[in-house]
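Chemist: I need the structure of the sequence given here:
(2 chains)
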Amino acid sequence: MNYTFHWLPAFRALPEMLAGALVTLEIAVLSMLLGVFFAVLLAVASGSSYRSLRALAATWVELARNTPSLFQIYMAYFGLGSLGIHLDSFVALLAGITFNNAGYLAETFRGGLRAVPQTQVRAARSLGMGQVQAFRLIVLPQMFRIVFYPLTNQMVWAILMTSLGVIVGLNNDLTGVTQELNVRSFRTFEYFALAAVIYYLLAKLVTVSARLMAWRLFRY
Amino acid sequence: MSIEIQDVHKSFGSLEVVKGVTMTVEKGEVVSVIGGSGSGKSTLLMCINGLEPINSGRILVDGTDVHARGTDLNKLRRKIGIVFQQWNAFPHLTVLENVMLAPRKVLGKSKAEAEAIAVEKLSHVGLAEKLNVYPSRLSGGQQQRMAIARALAMSPDYMLFDEVTSALDPQLVGEVLDTMRLLSAEGMTMICVTHEIAFAREVSNRVAFFHKGRIHEIGPPAQVIGNPQQPETVAFLKSVL
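Modeler: The predicted model follows:
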């Protein structure tokens, strides 16, 4: 091995990379918020009495879970682009990850909903609560605990998926910034190792804060 | 003031489980319902507060037709407390919060009022020491007493008990029955579906024997349990005593 490590330039670029990490986090958080929103709609739609709604939800979930997320992002950018719908890189990446998140989370929510026993609703109704009240006060809080860890897993997954933005030309997220630096200097190992550490820390930040939150929220 | 059950039929699909039951429970009465499993006793109880729809007949609670269109079931259920075999504690709420929830959210009481009611009812069932623990930390008997307090917190006029001791370890049955004895001594109107024959004999004004979806015998405990007339009642009592 005759490669000489030059760590200094990589560390000098740290502020730039951290700014990229912020964009990464921004996309991940947005994709989760939107993902949860669409997942709830999908979960509701999949229990709907309208056939077309059920079919739509099923197709979404099937595609999101059984095709590479790379393709999903690619389709949002180049696929829609060839149909004349031009999204910018940021939006295309966000749309791709949101699509993926919603597909996975819809199944998580459906399972969570089913895991709360029907007898809990019965007990709530017997105390005079309406259907909506029973759902909000009894089912939802219990379901939230059930889906909490899958939700944090998906958040970590979303952070890591943002690195795929580089294929649709995103250049200001962590991977984009790293790639630009690499092209300029060819210190590939150093830059990508440092970026990997930052991704690792971001993911850890999510799991650790989720654990703290769970400890605070779920005392039972 | 009464619960009037008039020729009620109830089927699950093609299986008819309640086949024409007529019975009136007056305010202040304690009626125990005994009979083999699958005889329709629990189902009838669920029909009384509208948790299960009926196929024909009528159930009147203080003159209100439970299953009529336009009956506000949420409002009606405030005066009919029910305790289930599986106590159905709300696991995400403390004992105190379990009991406070419905008075606050259904009756619109203030937090302080609801808490005062809950503390009173929980003390009444002997759980004053457990206010701030979660149900998972309670024994089955304690959870069941909590469920009784939760129903009582709505100040119901009637209490329905659906085999409330059936899922309990034998040594925990006594504490729950004691709580029910206390309620009957206070004049609460109660319908108890139960397998505790000795308890039924002791606290009930009347006992109804259910068999295959019908009431085969109803009357004072001394008669139905002490001196049954129907061969089915005799056979059932022989099998459980």
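Chemist: switch to C-alpha atoms for all contacts and neighbour counts from now on
Modeler: Will do.
Chemist: can you read off the pLDDT for A:L113?
Modeler: Here, the pLDDT recorded for A:L113 equals 90.
Chemist: I should have written B:R145 there, sorry.
Modeler: Per-residue confidence (pLDDT) for B:R145: 95.
Chemist: what do you get for A:F11?
Modeler: For A:F11, the pLDDT comes out at 87.
Chemist: restricting to C-alpha, output the host helix or strand of it in PDB.
Modeler: Using DSSP states H and E, A:F11 sits in helix A:7-12. Taking C-alpha atoms only, helix A:7-12 is exported to PDB below (Å, rounded to 0.1, in the frame of the first residue of the first chain):
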ATOM      1  CA  TRP A   7      -6.400  14.200   6.800                       C
ATOM      2  CA  LEU A   8      -5.900  17.900   7.100                       C
ATOM      3  CA  PRO A   9      -7.800  19.000   4.000                       C
ATOM      4  CA  ALA A  10     -10.600  16.800   5.000                       C
ATOM      5  CA  PHE A  11     -10.800  18.400   8.400                       C
ATOM      6  CA  ARG A  12     -10.500  21.900   6.900                       C
END
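Chemist: after that helix, next one along is what?
Modeler: helix A:14-46.
Chemist: quick one: list the elements packing against that next one.
Modeler: Counting contacts by 3 or more C-alpha pairs under 8 Å, 6 or more residues apart in numbering or on different chains; DSSP states H and E, helix A:14-46 packs against helix A:51-66, helix A:89-115, helix A:140-161, helix A:174-185, helix A:188-217.
Chemist: got the residues of chain B near chain A?
Modeler: Residues of chain B found near chain A (C-alpha under 8 Å from any C-alpha of the partner chain) are B:49, B:51, B:73-78, B:81-82, B:88-93, B:102, B:105-106, B:134, B:136, B:151, B:154.
Chemist: closest residue of chain B to chain A?
Modeler: At 4.3 Å from chain A, B:N74 is the closest residue in chain B, using C-alpha to the nearest C-alpha.
Chemist: number of residues surrounding that residue?
Modeler: B:N74 has 18 neighbours, counted by other C-alpha atoms under 10 Å in any protein chain shown.
Chemist: element containing it?
Modeler: Take DSSP H and E as the rule and B:N74 turns out to sit in helix B:73-76.
Chemist: list the buried residues for that helix?
Modeler: B:73-74, B:76 (16 or more other C-alpha atoms under 10 Å in any protein chain shown).
Chemist: could you give the mean pLDDT of that helix?
Modeler: For helix B:73-76, mean pLDDT is 94.
Chemist: quick one: strands adjacent to the helix or strand following it?
Modeler: Downstream of helix B:73-76, the first helix or strand assigned by DSSP H and E is strand B:80-83. When sheet partners are counted by DSSP bridges, strand B:80-83 sits next to strand B:158-162 (parallel).
Chemist: distance between stretch B:52-71 and the chain's centre?
Modeler: Relative to the centre of its chain, stretch B:52-71 is centred 18 Å away, using C-alpha atoms, centre = their mean, to the nearest Å.
Chemist: what does stretch B:180-198 give?
Modeler: Relative to its parent chain, stretch B:180-198 has a centroid offset of 9 Å by C-alpha atoms, centre = their mean.
Chemist: now do the end-to-end distance for it.
Modeler: 13 Å (C-alpha to C-alpha, to the nearest Å).
Chemist: repeat for stretch A:112-125
Modeler: 20 Å.
Chemist: before we move on, the earlier item: list the contacts for the residue of chain B closest to chain A?
Modeler: Residues near B:N74 by C-alpha atoms under 8 Å, 6 or more residues apart in numbering or on different chains: A:125-130.
Chemist: got a pLDDT number for residue 22?
Modeler: Let's take chain A. Per-residue confidence (pLDDT) for A:L22: 96.
Chemist: that's the wrong chain, I meant chain B
Modeler: 96.
Chemist: then B:P170?
Modeler: 88.
Chemist: helix, strand, or coil at the closest residue in space to B:E217 that isn't next to it in sequence?
Modeler: Spatial nearest neighbour of B:E217, excluding adjacent residues (C-alpha to C-alpha, 6 or more residues apart in numbering or on different chains): B:F209 at 5.2 Å. Three-state assignment for B:F209 (DSSP: H, G, I helix; E, B strand; the rest coil): strand.
Chemist: wait, B:F209 sits on B:P221?
Modeler: No - between B:F209 and B:P221 no contact is recorded; they are 10.4 Å apart, counting by C-alpha atoms under 8 Å.
Chemist: hmm, back to that, format the buried residues of helix B:73-76 as TSV; extra columns: distance to A:G169.
Modeler: Below are the buried residues of helix B:73-76 laid out as TSV (distance: C-alpha to C-alpha, whole Å):
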residue	distance to A:G169
B:L73	59
B:N74	57
B:L76	63
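Chemist: wait, what's in contact with B:L45?
Modeler: Applying C-alpha under 8 Å, 6+ apart, the residues contacting B:L45 are B:160, B:162, B:193.
Chemist: and whichever strand or helix holds it with strand B:158-162, angle?
Modeler: Assigned by DSSP H and E, B:L45 belongs to helix B:41-48. If you take axes from the mean of the first three to the mean of the last three C-alpha atoms, to 10 degrees, helix B:41-48 sits at 150 degrees to strand B:158-162.
Chemist: right, and the helix or strand after helix B:41-48?
Modeler: Helix B:41-48 is succeeded, C-terminally, by strand B:56-61 (DSSP H and E).
Chemist: what lines up beside that following strand in the sheet?
Modeler: Partner strands and pairing direction for strand B:56-61 (DSSP bridges) are strand B:2-12 (antiparallel), strand B:64-65 (antiparallel).
Chemist: could I get the buried residue list for it?
Modeler: Buried-residue list, strand B:56-61, by 16+ other C-alpha under 10 Å: B:58-61.
Chemist: quick check, nearest of the residues you listed to B:G20?
Modeler: Distance to B:G20 across the buried residues of strand B:56-61 (C-alpha to C-alpha) is lowest for B:R58, with 10.3 Å.
Chemist: what residues are up against the closest one?
Modeler: B:4-8, B:65-67.
Chemist: buried set for the helix holding B:L45?
Modeler: B:41-48.
Chemist: what is the burial count for residue 140?
Modeler: I went with chain A, as the question did not name one. Number of residues near A:L140 (other C-alpha under 10 Å) recorded here: 15.
Chemist: not quite, I wanted chain B
Modeler: A total of 20 residues lie near B:G140 under the criterion other C-alpha under 10 Å.
Chemist: correct me, but it touches B:S166?
Modeler: No - using C-alpha under 8 Å, B:G140 is not in contact with B:S166; the gap is 10.8 Å.
Chemist: residues in contact with B:P103?
Modeler: So B:P103 contacts B:109, B:114, B:153-154 (C-alpha under 8 Å, 6+ apart).
Chemist: tell me which residues are up against stretch A:95-110.
Modeler: A:31-32, A:34-40, A:42-43, A:60-65, A:69, A:72-76, A:143, A:147, A:150-151, A:154, A:158, A:161-162.
Chemist: close to chain B: what parts of chain A are there?
Modeler: A:119-120, A:122-123, A:125-130, A:138, A:141-142, A:218-220.
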